[in-house]
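Chemist: Starting from these lines, generate the structure:
(2 chains)
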2 protein chains.
Amino acid sequence: MSTAPDPLSLPAVRATRKGEQTRSAIVAVACELAARDGLEGLTIGALAERMKMSKSGVFAHFGSREDLQIAVLRAYEARFVDQVLRPALEAPRGLARLQAMMAQWLDRTAEDAATSCIWISGAAEYDDRPGPVREVLVSMVRSWQRELTRAIQQAIDTGELAANVQPQDLVFDLYGVVLVLHHDARLMNSHDALPRARRAFKRLLAAAARSPSST
Amino acid sequence: MSTAPDPLSLPAVRATRKGEQTRSAIVAVACELAARDGLEGLTIGALAERMKMSKSGVFAHFGSREDLQIAVLRAYEARFVDQVLRPALEAPRGLARLQAMMAQWLDRTAEDAATSCIWISGAAEYDDRPGPVREVLVSMVRSWQRELTRAIQQAIDTGELAANVQPQDLVFDLYGVVLVLHHDARLMNSHDALPRARRAFKRLLAAAARSPSST
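Modeler: Residues are numbered from 1 along each chain as shown, chains lettered A, B, ... in the order given. Reported below is the predicted structural model:
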């Protein structure tokens, strides 16, 4: 015990804090670049230039480009949880919560369309590129799909959605609405995409509130 | 008139034909490469290597990489029309035709998932990359959306879909089903994606056959 360094030794704490701040600043800029150029378009070189740092300075904070890409994904997920999931959890369980999740998700996707949702653009980049970045991305999408599944199940439990709704089928449908919103807003420059997505979501909920045929 | 070259002069015809054959062979290989690496991943270098040609030999057939990418898109569209649209046009106007279009489209998307639908992967590549390739891609998607709109309108005219269905809303919904099928089959490796997409399509049609609320 007596040989252990004092964990509160000020210079060490200060150095760690400074290191964390620099790391966060790098990740923030990397998120911007990834939203514009894709995760695969992210290079340590471009990042170093934007940060006015040396490449080795950037490398000191991230062991590799993959680690940096994963840090960007984690930062994206943290923001997504803050902006989409957490506010929705304040709504009561059941339909109200599912509606809150979807409303935020649709709004955010439409806003993101100016740059890009890196989960959606990442899907196209990594769907045939095995490796740790893809694994992290897939686990994040799965985790969000689980949240949606849970919200749907709760709305079935409250009786607001029909008992024979298959939660995973409805998650599939909802995901489709978000993907086509992203597609139409970005590629097709459609100004109707967001209101159309909201109507599609309402129709899906209305059908799931009745007794949907699961054929 | 007497100075015009004889258009049937055999060597010239033979040379043109040979040129066309080589061009077609290059486009066929380029389609494979683009399905694997994306249109942006397509390089004259990789193509020349696969064709055992010089780069300048490939360039002789395409003025630029963009021309090559556009040729790949046109070849893709031609195959899509052959496999999806043309067989469906043999079904009677109305619901049967719409169902045939969707059945082929879903099957093809699921098959394509082994490689990639270059319209869908292209959407992610070009949605923020202005230029002629994007314009060609957008016009192809629009043209396919018009075909779907027409088929839906005909099914409304036959009374098989409700009169208050908004064709463009339904096209949006159908596109969402195909995009999430592609996403789940490719990124999430979901084996349920195709049957789930078929069920989603049936539910959408069933809802549109009743009187859908267009709120």
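Chemist: rest of the way, CA atoms for contacts and neighbours
Modeler: OK.
Chemist: longest single helix anywhere in chain A?
Modeler: For chain A, the helix that runs over the most residues, judged by DSSP state H, is helix A:10-37.
Chemist: Buried by neighbour count: which residues of that one qualify?
Modeler: For helix A:10-37, a neighbour-count test (16 or more other C-alpha atoms under 10 Å in any protein chain shown) marks A:23, A:26-31, A:33-37 as buried.
Chemist: and the next element down the chain from it?
Modeler: Next in sequence after helix A:10-37, counting helices and strands by DSSP states H and E, comes helix A:44-51.
Chemist: export the buried residues of helix A:10-37 to a markdown table and tack on pLDDT and distance to chain B?
Modeler: Listed next are these as a markdown table, based on pLDDT from 0 to 100; distance: C-alpha to the nearest C-alpha, whole Å:
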| residue | pLDDT | distance to chain B |
| --- | --- | --- |
| A:23 | 90 | 28 |
| A:26 | 92 | 23 |
| A:27 | 92 | 22 |
| A:28 | 92 | 21 |
| A:29 | 92 | 19 |
| A:30 | 92 | 18 |
| A:31 | 91 | 16 |
| A:33 | 90 | 13 |
| A:34 | 90 | 12 |
| A:35 | 86 | 10 |
| A:36 | 84 | 8 |
| A:37 | 84 | 9 |
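Chemist: I'd like these as TSV, with distance to residue B:135 appended.
Modeler: What follows is these, written out as TSV (distance: C-alpha to C-alpha, whole Å):
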residue	distance to residue B:135
A:23	39
A:26	35
A:27	33
A:28	32
A:29	30
A:30	29
A:31	28
A:33	24
A:34	23
A:35	22
A:36	19
A:37	19
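Chemist: and the gap between residue A:122 and chain B?
Modeler: 9 Å (C-alpha to the nearest C-alpha, to the nearest Å).
Chemist: Which other helices and strands does the worst-scoring helix or strand of chain A on mean pLDDT contact?
Modeler: Counting by mean pLDDT, DSSP states H and E, the weakest-scoring helix or strand in chain A turns out to be helix A:10-37, with a mean of 85. Under the contact definition 3 or more C-alpha pairs under 8 Å, 6 or more residues apart in numbering or on different chains; DSSP states H and E, helix A:10-37 sits against helix A:44-51, helix A:55-61, helix A:65-80.
Chemist: so it versus helix A:44-51, what angle?
Modeler: Helix A:10-37 runs at 110 degrees relative to helix A:44-51, counting by axes from the mean of the first three to the mean of the last three C-alpha atoms, to 10 degrees.
Chemist: tell me the angle helix A:10-37 makes with helix A:65-80.
Modeler: 90 degrees.
Chemist: Report how many residues lie close to residue A:120.
Modeler: Counted with other C-alpha atoms under 10 Å in any protein chain shown, the neighbours of residue A:120 add up to 19.
Chemist: show me what contacts it?
Modeler: Neighbouring residues of residue A:120 by C-alpha atoms under 8 Å, 6 or more residues apart in numbering or on different chains: residue A:179.
Chemist: Check it and give its pLDDT.
Modeler: As predicted, residue A:120 sits at a pLDDT of 89.
Chemist: Same question for residue A:150.
Modeler: 98.
Chemist: do you know how far the residue nearest the centre of chain A is from chain B?
Modeler: Centroid-nearest residue in chain A, with C-alpha atoms, centre = their mean: residue A:77, separated by 4.2 Å. From residue A:77 across to chain B, the span is 17 Å (C-alpha to the nearest C-alpha).
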